[in-house]
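Peer 1: What follows is a predicted structure for the sequence shown.
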Amino acid sequence: MRNGLTLMELSLSLVIVGVVFVSGLFAFNKLYAPTVANSEFGRVTQLIGAIERARGDNMGAYPALAAATDVAATANPISNQMGGIASATDLLGWTYGCAAGTSSTVTLTTAAFSTSTVADLVRTKTASAFPQWVADASGTSSVTFTLSGIACK
(Lines give C-alpha, C1' and ligand atoms only; values in the text may rest on other atoms or scores of the structure.)
Protein backbone atom coordinates (compact mmCIF):
# COMPACT_ATOMS: atom_id res chain seq x y z
CA MET A 1 0.00 0.00 0.00
CA ARG A 2 1.57 3.32 -0.99
CA ASN A 3 0.85 6.74 0.52
CA GLY A 4 0.72 9.99 -1.50
CA LEU A 5 1.39 10.74 -5.12
CA THR A 6 4.47 10.19 -7.21
CA LEU A 7 6.28 13.17 -8.65
CA MET A 8 4.97 12.32 -12.12
CA GLU A 9 1.33 12.18 -10.95
CA LEU A 10 1.69 15.50 -9.13
CA SER A 11 3.28 17.16 -12.18
CA LEU A 12 0.52 15.89 -14.46
CA SER A 13 -2.13 17.22 -12.06
CA LEU A 14 -0.50 20.67 -12.04
CA VAL A 15 -0.35 20.74 -15.85
CA ILE A 16 -4.06 19.88 -16.06
CA VAL A 17 -4.95 22.62 -13.53
CA GLY A 18 -2.85 25.12 -15.51
CA VAL A 19 -4.59 24.23 -18.78
CA VAL A 20 -8.02 24.64 -17.15
CA PHE A 21 -7.00 28.01 -15.66
CA VAL A 22 -5.68 29.37 -18.97
CA SER A 23 -8.82 28.15 -20.77
CA GLY A 24 -10.99 29.97 -18.22
CA LEU A 25 -8.98 33.16 -18.61
CA PHE A 26 -9.27 32.94 -22.40
CA ALA A 27 -13.02 32.36 -22.16
CA PHE A 28 -13.43 35.38 -19.87
CA ASN A 29 -11.54 37.75 -22.16
CA LYS A 30 -13.12 36.49 -25.38
CA LEU A 31 -16.70 35.77 -24.27
CA TYR A 32 -17.69 37.37 -20.96
CA ALA A 33 -15.95 40.77 -21.16
CA PRO A 34 -17.42 41.72 -24.59
CA THR A 35 -20.90 40.68 -23.46
CA VAL A 36 -20.68 42.86 -20.36
CA ALA A 37 -19.19 45.70 -22.42
CA ASN A 38 -22.15 45.56 -24.84
CA SER A 39 -24.56 45.84 -21.94
CA GLU A 40 -22.62 48.74 -20.40
CA PHE A 41 -22.39 50.46 -23.79
CA GLY A 42 -26.19 50.35 -23.88
CA ARG A 43 -26.24 52.28 -20.60
CA VAL A 44 -23.74 54.82 -21.97
CA THR A 45 -25.91 55.27 -25.06
CA GLN A 46 -29.00 55.73 -22.89
CA LEU A 47 -27.27 58.38 -20.79
CA ILE A 48 -25.75 60.30 -23.71
CA GLY A 49 -29.19 60.29 -25.34
CA ALA A 50 -30.72 61.73 -22.16
CA ILE A 51 -28.02 64.43 -22.05
CA GLU A 52 -28.70 65.35 -25.68
CA ARG A 53 -32.48 65.47 -25.07
CA ALA A 54 -31.91 67.68 -22.02
CA ARG A 55 -29.82 69.97 -24.25
CA GLY A 56 -32.72 70.18 -26.70
CA ASP A 57 -35.10 71.16 -23.91
CA ASN A 58 -32.59 73.75 -22.66
CA MET A 59 -32.53 75.81 -25.90
CA GLY A 60 -29.42 74.11 -27.26
CA ALA A 61 -27.27 74.40 -24.13
CA TYR A 62 -26.24 71.44 -22.01
CA PRO A 63 -27.62 71.47 -18.45
CA ALA A 64 -25.28 73.26 -16.04
CA LEU A 65 -24.84 71.04 -12.99
CA ALA A 66 -22.17 71.08 -10.31
CA ALA A 67 -19.15 68.91 -11.01
CA ALA A 68 -19.61 65.26 -10.13
CA THR A 69 -23.40 65.39 -9.72
CA ASP A 70 -24.69 61.81 -9.38
CA VAL A 71 -26.94 61.31 -12.40
CA ALA A 72 -29.45 59.10 -10.61
CA ALA A 73 -29.29 60.30 -6.99
CA THR A 74 -31.16 63.59 -7.35
CA ALA A 75 -33.78 65.02 -9.65
CA ASN A 76 -32.06 66.91 -12.46
CA PRO A 77 -32.69 67.55 -16.16
CA ILE A 78 -30.80 64.38 -17.13
CA SER A 79 -32.58 61.98 -14.77
CA ASN A 80 -35.88 63.60 -15.80
CA GLN A 81 -35.11 62.66 -19.43
CA MET A 82 -34.64 59.08 -18.29
CA GLY A 83 -38.06 58.88 -16.65
CA GLY A 84 -37.10 60.22 -13.23
CA ILE A 85 -34.84 59.05 -10.44
CA ALA A 86 -36.57 55.69 -10.05
CA SER A 87 -35.91 54.83 -13.71
CA ALA A 88 -32.27 55.90 -13.56
CA THR A 89 -31.20 53.72 -10.62
CA ASP A 90 -29.04 51.50 -12.83
CA LEU A 91 -26.83 54.58 -13.29
CA LEU A 92 -26.15 55.22 -9.59
CA GLY A 93 -22.56 56.33 -9.16
CA TRP A 94 -22.33 57.79 -12.67
CA THR A 95 -21.55 61.50 -12.48
CA TYR A 96 -22.14 64.51 -14.73
CA GLY A 97 -20.72 68.00 -14.51
CA CYS A 98 -20.83 71.13 -16.63
CA ALA A 99 -20.07 74.63 -15.36
CA ALA A 100 -22.35 77.39 -16.63
CA GLY A 101 -20.79 79.31 -19.49
CA THR A 102 -20.37 79.53 -23.24
CA SER A 103 -17.08 77.65 -23.47
CA SER A 104 -17.57 74.83 -20.99
CA THR A 105 -16.73 71.15 -20.84
CA VAL A 106 -19.24 68.41 -20.07
CA THR A 107 -17.69 65.64 -17.99
CA LEU A 108 -19.45 62.29 -17.63
CA THR A 109 -17.86 59.56 -15.52
CA THR A 110 -19.17 56.02 -15.21
CA ALA A 111 -19.18 53.96 -12.05
CA ALA A 112 -16.47 51.32 -11.91
CA PHE A 113 -16.95 48.43 -14.32
CA SER A 114 -16.11 44.85 -13.35
CA THR A 115 -12.65 45.02 -15.00
CA SER A 116 -10.46 47.46 -16.87
CA THR A 117 -10.92 45.22 -19.94
CA VAL A 118 -14.65 45.99 -19.90
CA ALA A 119 -13.92 49.71 -19.39
CA ASP A 120 -11.57 49.73 -22.37
CA LEU A 121 -14.11 47.93 -24.58
CA VAL A 122 -16.81 50.46 -23.58
CA ARG A 123 -14.41 53.32 -24.32
CA THR A 124 -13.63 51.90 -27.76
CA LYS A 125 -17.29 51.33 -28.67
CA THR A 126 -18.28 54.80 -27.49
CA ALA A 127 -15.44 56.47 -29.38
CA SER A 128 -16.66 54.97 -32.65
CA ALA A 129 -20.38 55.60 -31.99
CA PHE A 130 -20.04 59.12 -30.52
CA PRO A 131 -16.83 60.61 -31.94
CA GLN A 132 -17.60 64.07 -30.49
CA TRP A 133 -17.37 62.61 -26.96
CA VAL A 134 -13.74 61.99 -25.96
CA ALA A 135 -13.54 58.80 -23.88
CA ASP A 136 -10.66 58.00 -21.54
CA ALA A 137 -10.29 54.79 -19.53
CA SER A 138 -6.66 55.37 -18.46
CA GLY A 139 -6.19 51.81 -17.28
CA THR A 140 -8.91 52.13 -14.63
CA SER A 141 -12.21 50.33 -14.36
CA SER A 142 -14.28 53.46 -15.09
CA VAL A 143 -14.53 55.67 -18.16
CA THR A 144 -14.61 59.47 -18.32
CA PHE A 145 -16.26 61.12 -21.31
CA THR A 146 -15.70 64.80 -22.12
CA LEU A 147 -17.25 67.19 -24.60
CA SER A 148 -15.41 70.50 -24.83
CA GLY A 149 -16.16 73.98 -26.16
CA ILE A 150 -19.90 73.84 -25.61
CA ALA A 151 -22.47 76.03 -23.83
CA CYS A 152 -23.94 75.03 -20.48
CA LYS A 153 -26.73 76.87 -18.70
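Peer 2: All right, it came through fine. Only a predicted model underlies this, so the values are computations on that prediction, with no experimental measurement involved.
Peer 1: Next SSE downstream of the longest helix seen in the chain?
Peer 2: Longest helix in the chain by number of residues (criterion: DSSP state H): helix 33-57. Where DSSP states H and E defines the elements, the next helix or strand beyond helix 33-57 is strand 65-70.
Peer 1: Mind giving me the packing neighbours of that next one?
Peer 2: strand 95-98 (3 or more C-beta pairs under 8 Å, 6 or more residues apart in numbering; DSSP states H and E). The way it works is simple: take the backbone N, C-alpha and C, and place the C-beta from them, glycine included.
Peer 1: so how far is the strand it packs on from its chain's centroid?
Peer 2: 15 Å (C-alpha atoms, centre = their mean, to the nearest Å).
Peer 1: Can you list the strands that it pairs with?
Peer 2: Counting by DSSP bridges, the strands paired with strand 95-98 are strand 65-70 (antiparallel), strand 101-109 (antiparallel).
Peer 1: mean pLDDT lowest for which of these?
Peer 2: Of all the strands paired with strand 95-98, the minimum mean pLDDT falls on strand 65-70 (a mean of 83).
Peer 1: Hey, what's the angle from it to helix 33-57? Just curious.
Peer 2: Computed by axes from the mean of the first three to the mean of the last three C-alpha atoms, to 10 degrees, the angle separating strand 65-70 from helix 33-57 equals 150 degrees.
Peer 1: Check which residues of the longest helix of the chain are buried.
Peer 2: 33, 36-37, 40-41, 44, 46-48, 50-51, 54-55 (16 or more other C-beta atoms under 10 Å).
Peer 1: buried stuff in stretch 100-111?
Peer 2: Ser104, Thr105, Val106, Thr107, Leu108, Thr109, Thr110, Ala111.
Peer 1: likewise stretch 115-130?
Peer 2: Going by 16+ other C-beta under 10 Å, stretch 115-130 has these buried residues: Thr115, Ser116, Thr117, Val118, Ala119, Asp120, Leu121, Val122, Arg123, Lys125, Thr126, Phe130.
Peer 1: for the buried residues of stretch 100-111, which one is nearest Ala72?
Peer 2: Of all the buried residues of stretch 100-111, Ala111 has the smallest distance to Ala72: 9.9 Å, by C-beta to C-beta.
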